[in-house]
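Peer 1: Next come a sequence and a model predicted from it.
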Amino acid sequence: MVLVYAISQAPAVGWTATRTLAMLAASAALLAGFLVIETRAEAPLLPLRLFRLKTLAGSNAVSFLLGASFFAFIFIGTLYMQQVLGYSALKTGVAWLATSLTALALAGPAQILVARTSAKLVMVAGMALAGAGILWATQMPAHGQFWANLAGPLFVTGGAIFAFITVSIGALAGIADHDAGIASGLLNTSQQIGGAIGVAVASTVAATHSRLLLGQGHAAAASLTGGFQWAFWVSGLTALAAVPVTFLLIRRTEIARAVAASMQREAPAPAPAG
């Protein structure tokens, strides 16, 4: 939380200001202190031994990047619709249905692909679609139209559902039953922290570049749009960064066993004889 606050306030007080540097140092010290305590505690809140499982560590890393990119896209996209295009809250919500419709349409096929092909490749596809959709949004103009400029990025980004499903499976790969709750909580935490940091970074980039354009004499709408475009670049590249992470850390055999275990748990119990 200290890190998120430091990043979000840096454009106003300055990145080299004493306050900013102090909060960044404090966040680093708090994280280091947490890790030291967890390594020495008899019953740690977060057993660091879990990270020895490459697929679990990789899934949480992808989950962090997914949250950082996807949630930032929703936040910045909403600001673009309301502050630049003048959409009401209701109209903005209806526009976001495009992303939800894609996710709903692909949820079933995603589960089939996970079971019949490689869950690792499905995860890559999800992050690639998320990154492609967000990068497409960098082309949104100051006087954009829904079908001409917004619909494409919104529909494509809904393909992130492939990643949401597979990181949930990978985060439990190789986990013993007594650690399942911790692993599930870790996944949720990594995604939420990623979202908080992603929104803070994207909004900082957008605000900084928008002020720069305003200072150069650009119109308010053009300045806001330029800042949002830069934020989309950062978020899109963040999503694509998960692709090499997936290939490096996710183990095909581990996630395949996790998929098989998940399907076994979901399979209906056999009817009693007689």
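Peer 2: Sure thing, it's come through.

Peer 1: rest of the way, CA atoms for contacts and neighbours
Peer 2: Fine.

Peer 1: Tell me where the stretch 151-274 of the chain has helices.
Peer 2: 151-157, 161-170, 180-215, 220-249, 252-266 (DSSP state H, counting those that start in this stretch).

Peer 1: Please compute how far stretch 144-160 lies from its chain's middle.
Peer 2: Offset of stretch 144-160 from its chain centre (CA atoms, centre = their mean, to the nearest Å): 18 Å.

Peer 1: just stretch 143-150 next, same as before
Peer 2: 24 Å.

Peer 1: give the contact list for residue 144.
Peer 2: The contact partners of residue 144, by CA atoms under 8 Å, 6 or more residues apart in numbering, come to 85, 150.

Peer 1: Residue 76 too?
Peer 2: Contact analysis of residue 76 by CA under 8 Å, 6+ apart lists 202-203, 228, 231-232.

Peer 1: got the angle between the helix or strand hosting it and helix 180-215?
Peer 2: Residue 76 is part of helix 54-79 when elements are defined by DSSP states H and E. Relative orientation of helix 54-79 and helix 180-215, computed by axes from the mean of the first three to the mean of the last three CA atoms, to 10 degrees: 40 degrees.

Peer 1: Moving C-terminal from helix 54-79, which element do we reach first?
Peer 2: Defined by DSSP H and E, the subsequent element after helix 54-79 is helix 89-95.

Peer 1: For residue 43, give its distance to residue 180.
Peer 2: From residue 43 across to residue 180, the span is 16 Å (CA to CA, to the nearest Å).

Peer 1: ok, back up a step: how about the helices of the stretch 151-274 of the chain in TSV, adding mean neighbour count and distance to residue 112?
Peer 2: Below are those laid out as TSV (neighbours: other CA atoms under 10 Å; distance: least, CA to CA, whole Å):
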stretch	mean neighbour count	distance to residue 112
helix 151-157	22	20
helix 161-170	25	11
helix 180-215	20	22
helix 220-249	22	20
helix 252-266	16	11
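
Peer 1: Can I get the ones you listed in a markdown table including mean pLDDT and distance to residue 53?
Peer 2: As requested, the helices of the stretch 151-274 of the chain are exported to a markdown table (pLDDT from 0 to 100; distance: least, CA to CA, whole Å):
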| stretch | mean pLDDT | distance to residue 53 |
| --- | --- | --- |
| helix 151-157 | 97 | 29 |
| helix 161-170 | 94 | 10 |
| helix 180-215 | 93 | 11 |
| helix 220-249 | 97 | 9 |
| helix 252-266 | 75 | 9 |
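
Peer 1: quick one, which of these is nearest to residue 125?
Peer 2: The minimum distance between residue 125 and the helices of the stretch 151-274 of the chain falls on helix 161-170, with 6.8 Å, by CA to CA.

Peer 1: Could I have the CA atoms of the closest one written out in CSV?
Peer 2: As requested, the backbone C-alpha atoms of helix 161-170 are provided in CSV (Å, rounded to 0.1, in the frame of the first residue of the first chain):
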residue,chain,number,x,y,z
ILE,A,161,-10.4,-15.1,-19.8
PHE,A,162,-8.0,-17.7,-21.1
ALA,A,163,-5.4,-16.5,-18.7
PHE,A,164,-7.8,-16.0,-15.7
ILE,A,165,-8.8,-19.7,-16.0
THR,A,166,-5.3,-21.2,-16.4
VAL,A,167,-3.6,-19.2,-13.7
SER,A,168,-6.2,-20.5,-11.2
ILE,A,169,-5.2,-24.0,-12.2
GLY,A,170,-1.5,-23.4,-12.3
